[in-house]
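Asks: Fold the following and give me the result.
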Amino acid sequence: AEYYAQRASAGLLITEGVFINEMAVGYINVPRIQTVEQRDSWRQVANKVHAAYGKIFMQIWHVGASSHPDLLGGNLPLSPSGINPNIKVYTHDGFVDTVTPKIMSLSEIHSTIKDFGIAAKNAIDAGMDGIEIHAANGYLINQFFQKSTNNRTDYYGGSIENRARLLFDILDEIINIIPIDRVGIRFSPRLDDLGVKYDDETEDLYRYITQRIENDYKVAYLHFNGIISTKIKTEPEQVIDIAKCMREDYSGTLMINTGLTKEISEQLLNDGYADLFSFGIPFIANPTFVEKLKND
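Replies: As a prediction, the model looks like this:
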């Protein structure tokens, strides 16, 4: 609560990723928003941020295959397909190799969708101003998007529309419970890591997603991360490319992230390519980051 209240001078705080249920866990010592006790504990955070005149959204997530049985009570991680991401995850015994995950059944998919809705309700009931669906960085929803991690043959696999279906099912579940203008979504369209590979349909997939959200879902914002498959360009160059590309298909509130400076952000704002700019790493170590930007 103190940590977030110290940073309440931001236009909007977005919490660390918060796990929606016990099978969403992929790291040690990360909070959840599954139970009444967890909800009430998070209320301390919301209250302190609001007392400091801040606004705060809770980022809710499920890591999918990027986990390990040691973190899941001995259970195999869940994923769209039984494909090992071949990465290391951090457990109480240190870094360990991932394993081949369990292919999610339709009932497991549907219960996960329900748990995203419960997590969103709990977040709002805890006093959060909204939630951000984490659909980025190689985790569960992102695993459904990409051909490298989704070889399903049912209506959650195959076509672009099918691979995007989980996101829209989660979105539909959440907006039946909380107002749509309290919902943001985070994406990393050019990620090529954590077992998730940029492919020949990735650009078309994100174009389909952003156009559908533009037409049918008036969410609070879309939040794009600048991780990219090529290292030829610097992080700021990458995120500028993403901002320009996404603006072609999305006229709503667009937030971007990764490698930003005050100068880059102001230029993108003035050019109309983005509306909000998120800072992670520098803000973690600097509670007065906003004041530092104001004073150059």
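
Asks: Counting neighbours, what do you get for the residue lying closest to residue 173 once chain neighbours are set aside?
Replies: Excluding its sequence neighbours, the residue lying closest to residue 173 (C-beta to C-beta, 6 or more residues apart in numbering) is residue 117, at 4.0 Å. C-beta coordinates here come from the backbone N, C-alpha and C atoms, glycine included. For residue 117, the count of nearby residues is 20 (other C-beta atoms under 10 Å).

Asks: cool, and the one 4 residues further on?
Replies: The burial count assigned to residue 121 is 16, neighbours taken as other C-beta under 10 Å.

Asks: so where do the strands sit in the stretch 101-250 of the chain?
Replies: When secondary structure is read from DSSP state E, counting those that start in this stretch, the stretch 101-250 of the chain shows strands at 102-103, 130-134, 183-187, 221-225.

Asks: which strands and helices sit next to the first one?
Replies: Secondary-structure packing of strand 102-103 (3 or more C-beta pairs under 8 Å, 6 or more residues apart in numbering; DSSP states H and E): strand 78-79.

Asks: what are the pairing partners of the strand it packs on, and which direction each?
Replies: Paired with strand 78-79 in the same sheet, following DSSP bridges, are strand 102-103 (parallel).

Asks: shouldn't residue 10 be in contact with residue 291?
Replies: No: the criterion here is C-beta atoms under 8 Å, and residue 10 misses it with residue 291 at 10.9 Å.

Asks: Looking at those two, which one has more neighbours?
Replies: residue 10 (17 against 10).

Asks: For the more buried one, pull up the helix or strand it's in.
Replies: Assigned by DSSP states H and E, residue 10 belongs to no helix or strand.

Asks: How about the contacts made by it?
Replies: Contacts here follow C-beta atoms under 8 Å, 6 or more residues apart in numbering; on that basis residue 10 touches 54, 283, 289-290.
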